[in-house]
Structure formats: structure tokens, C-alpha cells
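Enquirer: Got a predicted structure here, sequence first:
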Amino acid sequence: MWSTDTPFFRVVGLGCFLSVLLVWGWCESAAASFKVYPTVVDVERGAGGVALGTIDVDLESEGHHRFRVVVEDVGQRADGSQVYSPASGARFSASSWIRLAPSAFTGAPSRTQPIQFQVAVPANAEPGDHLTSLTVQRLAAAGGVTATAVEAVSVRLTIRVRGKLRPRATITSLEVPGVADGGPVAVTTTVRNSGNVTLDFDGVNRAGVTIRDGDDAKQRLPFGGQLFPGQTREFVSRWDDPPLLGDFDAEAAVRTGAGAARREASFWVVPWREIGAVLLLLVAVVLLYRGWRRRRWGY
């Protein structure tokens, strides 16, 4: 019989205990986090102007990590979520206007690390909103041998250059089903910001889809969120409880300082499932009747 008091088992037990401590320690360090505030900054300057600002990185138990701050372009996906890409000189990008101090630092000691940014607006800058992101990245621990994902927090910085502002929108498409079999009815509206300022659909720029039956508005489905200059979004609106049968119009509208952009499309609601059920019932009745005739009359 093996005894658990042998040197072999004592060594194995010690190894297991140390493994548990190592895993616990790794989990503790992996659970450490950092915070960045504020996460949205708005600045207004004239062409040729300069602005200074600060963001703060709250560091707690981050001693084994290194950090860097990178300047990135900000865009939007079709669903409105933000996407980040390398800094460029794109029309509505402010990435080339930014200088940072510091752009790299260590996680120790625990503290609040200020990051100062300077915005130097070019003398020939186009009026309107120009966006960039100050992205704070936590890099892999120094000396680590395991690949680690880079954790990042982005601060969206909008620089509004004074001058003639043009809030405009273009509805590039409005998609409805030709015939809908009851609810929900999905209406997809594609909107492009063709102006030079951010459109706020939760604020001054009211937008949405209205379902009409003639002159009667049956349902109003508002849009929400923001749309940055030069970006395009898809808004999927759902009419959950349409009438059983009818011919309807969907009108998409976006209101800006330049007026309202509108687009319309028509569709039918037809209860195909109910009609199919009635037809099946009629077929069953006919078959039963014919069977009864054969049994009753012999033909």
C-alpha cells in the first residue's frame, strides 16, 4: 500500500499548493482594472486656435503593467457603435491636431495619472465637428510569456471649428417588405450625415419612421443616438402590432437646421397564415364530404 506520508506525496502536495497560489495570484492580477475619465470631451475653437485639456487614468494595483496612449480616428458601424482606426488626415478627423504628454507610463505606484492633450487647429481647418479618440491601452505585463489581449478605454474628443455649420442628412434607402404576414414589420432606414456637424437624434435632430394608413398615423417609431459627420447608419424600426389586413405607407424623416429629409415606401399586411389555415380547413371539409358521399351513395 502507498502511504501519503512518503516524500513523494509530500513533494506532490507542495507542488499542488504552490500551483494554487500561482493561479490565485494570476487571477488577482488579471482582475485588476483601470478607469479613464471623462470619456467624452467637447472643445470649440476657431481655425488656427489652440486648446489644452486633461484626462485622468485611475490606476489601482496595476504595478506589473505598462500603458500607452494612442490617437485614433473615430468612425461608426451600421448599428451606430463606434469603431477606431489608425490616425489619418481624413476630412472630419482631428487626429493630426493632437499632442499628448505623457504618451506612455507605468502602472506603479497606484495613483491618478493625468494625461494632458493639446489641440492645434490648422489655420485652414473646415468649420464643423472633427473627431478623434485618445485611447488608453494597458499592455501585457513586463516579462510575461503568455499572450495577453490589450485592454483599452477610448476618450472621444470632438473639436468644433467655428464657422458656418451645416446640419444635413440624406436618407439613402428605405426598405420595407412588399407583403408582410402580420407583425412585427421591420422597416430599415439608411441615413448619411451629409453635413459638417454631429446629428443628435436624442436631442434637437428629431428623426424616425411614421407608419400611415392614408392620412392616419398608425405608429411613430423614433430613431436614437448620434450620427457623426460623413458617417452612415442603419436604423431598424419594428411595428409589432399591425392590423390584420391593410395597405400602408412608411415615411422616414430626419429634421435638421437645413430642413427635413424624407423618403416613403408602401407595403401590404396580409394574414397569409390565417388564410392558409382557412384553406386547409376547407380542403378537410371537402374531403370529409366526399368520403361521406362515397359511403352513403357508393360514388
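Expert: Perfect, thanks for sending it.

Enquirer: per-residue pLDDT, the most centrally placed residue in the chain?
Expert: For the chain, the residue nearest the mean C-alpha position is Ser81 (1.9 Å; Cα atoms, centre = their mean). pLDDT, Ser81: 97.

Enquirer: What of Gly183?
Expert: 80.

Enquirer: and it, what helix or strand is that in?
Expert: Of the helices and strands defined by DSSP states H and E, none includes Gly183.

Enquirer: Isn't it up against Leu244?
Expert: No. Gly183 lies out of contact with Leu244 (Cβ atoms under 8 Å); the separation is 9.9 Å. Quick note: C-beta positions are derived from backbone N, CA and C, even for glycine.

Enquirer: Which of those two has more residues huddled nearby?
Expert: Using other Cβ atoms under 10 Å, the more surrounded residue of Gly183 and Leu244 is Gly183, with 14 against 10.

Enquirer: so who does that one touch?
Expert: Trp239, Asp240, Asp241, Pro242 (Cβ atoms under 8 Å, 6 or more residues apart in numbering).

Enquirer: Now with 10 Å, please.
Expert: Residues counted as contacts of Gly183 (Cβ atoms under 10 Å, 6 or more residues apart in numbering) are Arg238, Trp239, Asp240, Asp241, Pro242, Pro243, Leu244, Val269.

Enquirer: next one: Glu60
Expert: Taking Cβ under 10 Å, 6+ apart as the test, what Glu60 contacts is Ala32, Ser33, Phe34, Lys35, Gly107, Ser110, Arg111, Thr112.

Enquirer: And those, which is the shakiest by pLDDT?
Expert: Ala32 (42).

Enquirer: Buried ones among the contacts of Gly183?
Expert: Trp239, Pro242, Val269 (16 or more other Cβ atoms under 10 Å).

Enquirer: What distance do you get for Ser61 to Phe34?
Expert: From Ser61 across to Phe34, the span is 9 Å (Cβ to Cβ, to the nearest Å).

Enquirer: so what sits against both of these two?
Expert: Common contacts of Ser61 and Phe34 (Cβ under 10 Å, 6+ apart): Gly107.

Enquirer: for Lys234, what are its contacts?
Expert: Check again: residue 234 is Glu, not Lys. With contact set as Cβ under 10 Å, 6+ apart, Glu234 has these partners: Arg77, Ala78, Asp79, Gly80, Thr172, Ser173, Glu175, Thr188, Thr189, Thr190, Val191.

Enquirer: re earlier: list residues touching both of Gly183 and Leu244?
Expert: Val269.

Enquirer: on contacts alone, who are the packing partners of the helix or strand where Phe267 lies?
Expert: Here Phe267, judged by DSSP H and E, is contained in strand 259-269. Counting contacts by 3 or more Cβ pairs under 10 Å, 6 or more residues apart in numbering; DSSP states H and E, strand 259-269 packs against strand 169-175, strand 179-180, strand 185-193, strand 207-213, strand 246-256.

Enquirer: got the residue ranges for the strands in the stretch 51-200 of the chain?
Expert: 66-76, 82-86, 98-101, 104-106, 111-120, 128-138, 151-161, 169-175, 179-180, 185-193, 199-200 (DSSP state E, counting those that start in this stretch).

Enquirer: got the buried residues for the second one?
Expert: Yep, that's strand 82-86 we're talking about. By 16+ other Cβ under 10 Å, the buried positions in strand 82-86 come out as Tyr84.

Enquirer: what does the fifth one give?
Expert: Buried residues in strand 111-120, counted by 16+ other Cβ under 10 Å: Gln113, Ile115, Phe117, Val119, Ala120.

Enquirer: Identify the bridge partners of the first one.
Expert: Partner residues in beta bridges with Gln113: Val57, with DSSP bridges as the criterion.

Enquirer: repeat for the fourth one
Expert: Bridge pairing for Val119 (DSSP bridges) gives the partners Ala51, Ile98.

Enquirer: Out of the helices and strands packed on strand 259-269, which is closest to Arg294?
Expert: With Cβ to Cβ, the closest approach to Arg294 among the helices and strands packed on strand 259-269 belongs to strand 179-180: 39.4 Å.

Enquirer: Could you list every helix and strand in contact with that closest one?
Expert: strand 259-269.

Enquirer: How far off centre is stretch 122-141?
Expert: Relative to the centre of its chain, stretch 122-141 is centred 19 Å away, using Cα atoms, centre = their mean, to the nearest Å.
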